[in-house]
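Enquirer: Please find the sequence and the predicted model below.
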Amino acid sequence: MSRFVDKLQRLSRSSTSSMGFHPAASEAKSSSMLLIAGLSGADAKEAKIVVDSNADAGLILRQTFNIEDIRQVTGAIGDIPLGILVKDVGKQEMGKLVDSSCDFVVFDIKMPAIALREEGIGRFLMIAPSLDQGLVKAINDLDIDGVFISRGEESFITVEHLLIYHRFCELLDKPVIITLPSLVTGVELGNLWQTGIDGIVAPQEQPTEALAELRKMIDDLPRGAKRRRGKLGVILPHYGGGIATEEEEEEEED
C-alpha cells in the first residue's frame, strides 16, 4: 500500500475514533492534519527540506519528470512518501513511476482513464474549486484514494474558500487535501481544519524554517473527532467550543 495513503487512513481512524478518557498512545501522538512539502522539481538537494521540516510527504509539482531524478529524490528522503503531479501519462510511464519508488500520483480530470487502474501506487484526483457539485459527489464512485483541491492564486484564505471546502468535505467520503499558493497563519490553518481538510500542500521553494513553523502549527491543532466524510448532518452546538453533527450527538448518547 502507498505509505501516504496509509497515513491518511490512520489520520481518519484517529479523528473518528470514539472519545474516551484513555486514548491509545498512537492516537494521542497523531497529527490532526498532514503536511505535504511542495517541490519545484525532482532535485535531491531541494528534497532535503522534506526531511528537515518533518513533513509527512513531498509532492513534485512540475508535470515533466525524469525517472532517474525521481529515484535520487526518493533515496534522499528515505521512508517519507514522495508524490508527483502528472499529466498525460500512459501505462508504461506509470509503471516506471512505481518502479522508481514514487509513492503516489496526483492527476486532473483530463488524465487518461488508465491511471485509475494502476496498482502499487496511491492515486489522487486534482480538482478546481469551481467543479460542479454533482461531479464532486460522483468522485466517490472512482477508484482513487483521495482528492486534492487546487486553491488558485489568492494570497489568503477567503470565506468563499472555507464554504467551498466545507461543502466538498460533506459531499466526499475520501480524504481532501488542498494546495496553498502561499503560507497560512495559525488562524487560517484552524479554519481549514474545522472545514474537514485532511492535509495541505505547502508552496514550493519555502525555507526549512517556514515549513518547520507550519509543522508546529499543525501539531498544535486540537486533537479529537472531526466531521466524518459524506455525513450531511445538522450542525449542533458542542461543548468545548467545537461543533458536532446530529449523528455525532446520537453516538455520544449511546
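Expert: Thanks, I have it.

Enquirer: quick one: buried residues of stretch 96-107?
Expert: Leu97, Ser100, Cys102, Asp103, Phe104, Val105, Val106, Phe107 (16 or more other CB atoms under 10 Å). Every C-beta, even on glycine, is put in place using the N, C-alpha and C of the backbone.

Enquirer: Among those residues, which lie within strands?
Expert: Phe104, Val105, Val106, Phe107 (DSSP state E).

Enquirer: Surely the second one touches Leu125?
Expert: No - between Val105 and Leu125 no contact is recorded; they are 10.1 Å apart, counting by CB atoms under 8 Å.

Enquirer: Which neighbours do these two have in common?
Expert: Listed as contacting both Val105 and Leu125 by CB atoms under 8 Å, 6 or more residues apart in numbering is no residue at all.

Enquirer: thinking again about what came up before, now for the buried residues of stretch 96-107: which two are most distant?
Expert: Farthest pair in the buried residues of stretch 96-107 (CB to CB) is Ser100 and Phe107. Separation: 16.5 Å.

Enquirer: Turn the buried residues of stretch 96-107 into TSV, including pLDDT and distance to Leu163.
Expert: Formatted as TSV, the buried residues of stretch 96-107 follow (pLDDT from 0 to 100; distance: CB to CB, whole Å):
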residue	pLDDT	distance to Leu163
Leu97	81	35
Ser100	81	39
Cys102	89	34
Asp103	93	32
Phe104	95	28
Val105	92	29
Val106	94	24
Phe107	91	26
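
Enquirer: any idea which element Ile36 lies in?
Expert: Using DSSP states H and E, Ile36 maps to strand 34-39.

Enquirer: Only alpha carbons, please: show that strand as PDB.
Expert: Extracted in PDB, the C-alpha atoms of strand 34-39 (Å, rounded to 0.1, in the frame of the first residue of the first chain):
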ATOM      1  CA  LEU A  34      -0.900  16.100   7.200                       C
ATOM      2  CA  LEU A  35       1.800  18.400   5.900                       C
ATOM      3  CA  ILE A  36       3.000  17.900   2.300                       C
ATOM      4  CA  ALA A  37       6.000  19.900   1.200                       C
ATOM      5  CA  GLY A  38       5.700  21.200  -2.400                       C
ATOM      6  CA  LEU A  39       8.800  20.700  -4.500                       C
END
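
Enquirer: In its sheet, which strands sit next to it, and in what direction?
Expert: If you go by DSSP bridges, strand 34-39 pairs up with strand 57-60 (parallel), strand 199-202 (parallel).

Enquirer: Adding mean pLDDT, mean neighbour count and distance to Ile144, write the ones you listed out as CSV.
Expert: Output for those, formatted as CSV (pLDDT from 0 to 100; neighbours: other CB atoms under 10 Å; distance: least, CB to CB, whole Å):
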stretch, mean pLDDT, mean neighbour count, distance to Ile144
strand 57-60, 94, 27, 16
strand 199-202, 96, 25, 15
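
Enquirer: Looking at those, spot the one closest to Asp219.
Expert: The minimum distance between Asp219 and the strands paired with strand 34-39 falls on strand 199-202, with 13.3 Å, by CB to CB.

Enquirer: was I right about Leu34 contacting Leu11?
Expert: Yes - using CB under 8 Å, Leu34 is in contact with Leu11, at 6.4 Å.

Enquirer: Quick check: neighbours shared by the two?
Expert: Counting by CB under 8 Å, 6+ apart, the contacts common to Leu34 and Leu11 are Asp198, Gly199.

Enquirer: if we can go back for a sec, among the strands paired with strand 34-39, which is nearest Gly120?
Expert: The nearest among the strands paired with strand 34-39, by CB to CB, is strand 57-60 at 16.9 Å.

Enquirer: Show the subsequent helix or strand relative to that closest one.
Expert: That would be, after strand 57-60 and using DSSP H and E, helix 67-77.
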